[in-house]
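S.K.: what would the 3D arrangement of this be:
(2 chains)
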Number of protein chains: 2
Amino acid sequence: MTTQQLHEQILQKKSFLCVGLDPDLTKIPPHLLETEDPIFEFNKAIIDATHDLAVGYKPNTAFFEAYGLKGWMSLQKTIEYINDNFPEIFTIADAKRGDIGNTSSMYAKAFFEDLNFDSVTVAPYMGKDSVEPFLAFENKHTIMLALTSNEGAFDFQTLNANGKELYKQVLETSITWKNSHNLMYVVGATKAEYFAEIRKIVPDSFLLVPGIGAQGGSLSEVCKYGMNDKVGLLVNSARAIIYASKGTDFAEKAREEALKVQQEMQDILGL
Amino acid sequence: MTTQQLHEQILQKKSFLCVGLDPDLTKIPPHLLETEDPIFEFNKAIIDATHDLAVGYKPNTAFFEAYGLKGWMSLQKTIEYINDNFPEIFTIADAKRGDIGNTSSMYAKAFFEDLNFDSVTVAPYMGKDSVEPFLAFENKHTIMLALTSNEGAFDFQTLNANGKELYKQVLETSITWKNSHNLMYVVGATKAEYFAEIRKIVPDSFLLVPGIGAQGGSLSEVCKYGMNDKVGLLVNSARAIIYASKGTDFAEKAREEALKVQQEMQDILGL
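M.R.: Have a look, this model is predicted:
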């Protein structure tokens, strides 16, 4: 998928919502546990109930790997279900990978080719040759951690590195890499005031924004500082939507929560 | 496994060699491709041929994930084979994971509980709450990236952050975290002169050292600056050992290469 197609989808759906799929067997509705593949059934119901309100889905690979082979199978079924039924959807493997070059190539193959995701999240610590193998895939997107939404973001990301915060250095360096037009960035919503600075460095890039909802970030604040003329934001919400109810009405309740966010987004977009 | 048990194994085998399992279908001996699970058969043959010369095996998860469900199954069979047959071996899931707290907990569950690895590699960029969930597992070990062996290590890891190189800041901060006694660190062999500085910050920790062999690092230099009174080093070699031959004699040739490294280690240990 191109960023142009993503932008068109945003205008069409009047939404830049991404739904995080973090399926936890201890949190999903108990009646699903009787099915053969509870994780997939849960994801499928959430997707069916929200796909016209969301432009992206972001399965978090940890929540699949924790269930071993069965979990990996659920991940595969989930991405296939999205690609087969809702090809307009932008898919994100939230995997936060990153390794030396030949290893990163294998991760890129895993997520872009084998599973056919549109994008994957990566960590920047190992530098250029750990990220460039992902960037080599045309019309696939590499979403690099810049400033995350957790408390530990302040341990290293905001350190003063050569005269500027590390996350700014990461952004500035990354735009010099080969095929950097395939980069997007993770920027946490809990730090809305940072978006203005970030937009000076990467004015045109899409930013994937976690931290709205359960983690306390404000949508309007993020949009005020982070939106660009192509919208340029994908705002993720996971727990607040997917765990809105533990009953048999969970998909319906998830839709209600997604609709609230979509309508707030529609207002902001002025569409 | 405790670090005491690891140290005892090192003394017994007169080796601190860790063999990296990076199984690539384009590189393994062609005759194995006719078997039902070429990746597992390759790993099993390498393990059978080298387990008395190595104290650890380090499957690199990317090389399994790239083959999807089948690859994950090969990973599971590989770790089970080691645990069932060679319980003294220290196992490392080279996964370089790291995410917000509840997600890192799921990764820890995946590698420490579901797959039953002794250790897993993690990335530090997201800070304290992304690593502490791994550290909560007693007698499991979290091997954090400090200074890696690739060229991109110099992009961010050696930046001057608050007056010292970022990797030093990462080391210093990490030792303040809860259960930091369960930490080990990745330090690349290609930067032997850095080991002296690193030992000032983490004198007692085990260091996992990639970059010997194919990546050009020197074993004697690493030991000169990095060894402590409990050895404190696990030196990884992957390609130079596992791809020593593409013929039916690949396991035999792998053993020859592993033996060379083990004997160099025995000399250095003075045993």
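
S.K.: buried ones in the top helix by length along chain A?
M.R.: When every helix of chain A is counted residue by residue (DSSP state H), the longest turns out to be helix A:250-269. Of the residues in helix A:250-269, A:250-251, A:253-255, A:257-259, A:261-262, A:264-265, A:268 count as buried by neighbour count, 16 or more other Cβ atoms under 10 Å in any protein chain shown. Heads up, the C-betas are built off the backbone N, CA and C, glycines and all.

S.K.: just the buried residues of stretch A:161-169, please?
M.R.: Buried residues in stretch A:161-169, counting neighbours by 16+ other Cβ under 10 Å, are found at A:161, A:165, A:166, A:167, A:168, A:169.

S.K.: so which of the buried residues of helix A:250-269 reach chain B?
M.R.: Restricting these to those touching chain B (Cβ under 8 Å from any Cβ of the partner chain) yields no residues.

S.K.: which of those sits closest to residue A:242?
M.R.: The shortest separation between residue A:242 and any of these is 5.8 Å, and it belongs to residue A:254 (by Cβ to Cβ).

S.K.: before we move on, what's the pLDDT of the residue lying closest to residue A:15 once chain neighbours are set aside?
M.R.: Of all residues beyond its chain neighbours, the one nearest residue A:15 is residue A:262 (4.4 Å), with distances taken as Cβ to Cβ, 6 or more residues apart in numbering or on different chains. Residue-level confidence at residue A:262 comes out at 97, pLDDT.

S.K.: what of residue A:215?
M.R.: Per-residue pLDDT puts residue A:215 at 66.

S.K.: and for the one 3 residues further on?
M.R.: Note on residue A:218: pLDDT of 88.

S.K.: neighbours of it, how many?
M.R.: As a burial measure, residue A:218 scores 13 neighbours (other Cβ atoms under 10 Å in any protein chain shown).

S.K.: what residues are up against it?
M.R.: A:189, A:192, A:212 (Cβ atoms under 8 Å, 6 or more residues apart in numbering or on different chains).

S.K.: please redo it, this time with the cut-off set to 7 Å
M.R.: For residue A:218, the contacting residues are residue A:192, taking Cβ atoms under 7 Å, 6 or more residues apart in numbering or on different chains as the criterion.

S.K.: can you check residue A:72 too?
M.R.: A:64, A:65, B:69, B:72.

S.K.: try it again with 6 Å
M.R.: A:64, B:69, B:72 (Cβ atoms under 6 Å, 6 or more residues apart in numbering or on different chains).

S.K.: so which helix or strand takes in it?
M.R.: Applying DSSP states H and E as the criterion places residue A:72 in helix A:68-85.

S.K.: swap in residue A:138?
M.R.: Residue A:138 belongs to no helix or strand, assigned by DSSP H and E.

S.K.: just residue A:6 next, same as before
M.R.: For residue A:6, the secondary-structure element it belongs to, assigned by DSSP H and E, is helix A:3-13.

S.K.: so for the helix or strand just after that helix, what's the average pLDDT?
M.R.: Heading C-terminal from helix A:3-13, the first helix or strand you meet, by DSSP H and E, is strand A:17-21. Over the span of strand A:17-21, the pLDDT mean works out to 98.

S.K.: same check, this time on stretch A:238-248
M.R.: Stretch A:238-248 shows an average pLDDT of 96 in the prediction.

S.K.: so that stretch, near chain B or not?
M.R.: No: for a cut-off given as Cβ under 6 Å from any Cβ of the partner chain, stretch A:238-248 has no contacts with chain B; the smallest distance is 9.0 Å.

S.K.: what does the stretch 51-200 of chain A put close to chain B?
M.R.: For the stretch 51-200 of chain A, the residues found near chain B under the criterion Cβ under 6 Å from any Cβ are A:60, A:62-63, A:65-66, A:68-69, A:72-73, A:96, A:99-100, A:103, A:106-107, A:109-110, A:114, A:123, A:125-130, A:145, A:148, A:150-152, A:155-156, A:159-162, A:173.
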